[in-house]
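[1] Predicted model and sequence follow; I will ask about them next.
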Amino acid sequence: MKTSQEYKSFNNEKTIAELQYNMQRFRANLQFLKEDLDFLNFLVNTSIYKENMRDLFENLERFKKEILKAFNKCDMLITEANFQASQITQKIECDELACDNYFISAQNNLEKNIYDFIIESYLLKTEMYNYLKGVIKTD
């Protein structure tokens, strides 16, 4: 399942408050995503699976690695979002266009990274949900 929607920025004319709000919203979304990843990690580490499933161990181990990688990246992006939200207040002190462009560019780059990560995480979650539906005991 590939997405055809790409990130687009509309930050050039936004106020500092709007830029900070956007970053706080992204940070909140990342926090919720961490909760999802934590639950998926719980699922792959629980003994709730049908017996004699082909490649079960290998698939669960692969998911564990992907979850850990996503969890670490999520933490990094939350840290960067916190930093960007505090840094953007310095934009007020900018009198030059180059300074404004720097802050807007930094905001755009981070938002794109977060957007791309969220899409990747949705794809991972979808893959895991589809796989787990077939291997979890139901009786």
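    That came through, no problem.
[2] Could you use CA atoms for every contact and neighbour count after this?
    Fine.
[3] Work out for me the element Asn11 sits within.
    For Asn11, there is no host helix or strand (DSSP states H and E).
[4] heads up, I number from 621, so please use that
    From this message on, residue numbering opens at 621, which makes the last subject Asn631.
[5] what's the spacing between it and Glu678?
    Counting by CA to CA, to the nearest Å, the gap from Asn631 to Glu678 is 44 Å.
[6] When these two are compared, which one has more neighbours?
    Taking neighbours as other CA atoms under 10 Å, Asn631 and Glu678 compare with Asn631 leading, 16 against 10.
[7] Show me which positions of stretch 625-634 end up buried.
    Neighbour counts over stretch 625-634 (16 or more other CA atoms under 10 Å) mark Asn631 as buried.
[8] actually stretch 650-660, not the one I typed
    650, 653-654, 656-657, 660.
[9] which stretches of the protein have low pLDDT?
    Low-confidence segments of the chain (pLDDT under 70): 621-624, 711-715, 717.
[10] Helix or strand for the residue nearest the centre of it, just tell me which one.
    Relative to the mean C-alpha position of the chain, the nearest C-alpha, by CA atoms, centre = their mean, is the one of Ile738, at 3.7 Å. Taking DSSP H and E as the criterion, the element that holds Ile738 is helix 717-755.
[11] so how far is that helix from its chain's centroid?
    Here the centre of helix 717-755 is set off from its chain's centre by 5 Å, with CA atoms, centre = their mean, to the nearest Å.
[12] what angle separates the helix or strand harbouring Met643 from helix 717-755?
    Here Met643, judged by DSSP H and E, is contained in helix 636-664. Put simply, helix 636-664 runs at 20 degrees to helix 717-755, going by axes from the mean of the first three to the mean of the last three CA atoms, to 10 degrees.
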